[in-house]
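1. Give me the fold of what follows.
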Amino acid sequence: LHQHNAYFFHSPSMYSSSLAVPLVLSWPGVLPEGEATDHPASLVDVAPTVLSLLGLPVPSFFQGHALLEGGRVPREAARRLAFSETSGRIFGARTPEWRLVYNPEKLHPEAPGGPYPIGELELYDLRIDPSEQRDVATERRDVAERLTADVLAWRARHAGASGPASQQVDAATREELRSLGYIVP
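-> Prediction:
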């Protein structure tokens, strides 16, 4: 944290410093020790990966992909694109080479310490700029446009998808979630 925009919290950041979550799997005698990868992945990939390791079928309605092949990290990523969003209004896409941030409403979400600056369209070449400090969206319009189209297609596929049932949240919990940045005023 604190690598992008001098931000120490995790929401509403759309950058690797907040979105990259380590996934560590250990199963002595089954999984090899010491393998690591930075392939794009999503939280929806965790359940299919675990089910696959256990030899259980992955339900067809799961959105994710098993990240391992035969208990090993495959040479090619199981997922070519991973998507992210914050507040359902700012979106991201990550490939092994690129991170796109798409902020169509030009929002600067409120965060502890003041508004969090996010450009309308940002693109980072992760091969030469893994800390995502140099926006190359204007230099690489081709990549920015392709990834923006991917984000829009992903949004269209998931529009109207039913989420978990609504629950009432008490005022204290609501305030705690707001203080952590999960609820934007």
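2. Once you drop chain neighbours, what's closest to the spatially most central residue of the chain?
-> By Cα atoms, centre = their mean, the chain has its centre lying nearest to residue 84, at 3.9 Å. Closest residue to residue 84 apart from its sequence neighbours, by Cβ to Cβ, 6 or more residues apart in numbering: residue 92 at 4.1 Å. Bear in mind the C-beta positions are built from the backbone N, C-alpha and C, glycine included.
3. which SS state does that neighbour fall under?
-> Under DSSP: H, G, I helix; E, B strand; the rest coil, the three-state class of residue 92 is strand.
4. Spit out the contact partners of it.
-> 14, 19, 83, 84, 85, 99, 100, 101, 102, 151 (Cβ atoms under 8 Å, 6 or more residues apart in numbering).
5. same question, residue 157
-> Per Cβ under 8 Å, 6+ apart, neighbours of residue 157: none.
6. So it belongs to a strand, correct?
-> No. Read with three-state DSSP, residue 157 is helix and lies in no strand.
7. per-residue confidence for it?
-> With respect to pLDDT, residue 157 scores 85.
8. With the one 10 residues further on instead?
-> Predicted confidence (pLDDT) for residue 167: 59.
9. What segments of this protein are helices?
-> Along the chain, counting by DSSP state H, helices occupy 16-19, 46-53, 141-158, 171-179.
10. for these, which one sits closest to residue 121?
-> Of all those, helix 141-158 sits nearest to residue 121, with 5.9 Å by Cβ to Cβ.
11. With just CA atoms, put that closest one into CSV.
-> Only the C-alpha atoms of helix 141-158 are listed here, as CSV (Å, rounded to 0.1, in the frame of the first residue of the first chain):
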residue,chain,number,x,y,z
ARG,A,141,-4.4,3.8,-27.9
ASP,A,142,-4.7,0.5,-29.7
VAL,A,143,-4.2,-1.5,-26.4
ALA,A,144,-6.4,1.0,-24.4
GLU,A,145,-9.2,0.7,-26.9
ARG,A,146,-9.0,-3.1,-27.1
LEU,A,147,-9.1,-3.5,-23.3
THR,A,148,-11.8,-0.9,-22.9
ALA,A,149,-13.9,-2.9,-25.3
ASP,A,150,-13.2,-6.0,-23.2
VAL,A,151,-14.3,-4.2,-20.1
LEU,A,152,-17.5,-3.0,-21.8
ALA,A,153,-18.3,-6.6,-23.0
TRP,A,154,-17.6,-8.0,-19.5
ARG,A,155,-20.0,-5.4,-18.1
ALA,A,156,-22.7,-6.2,-20.6
ARG,A,157,-22.3,-10.0,-19.9
HIS,A,158,-22.8,-9.4,-16.2
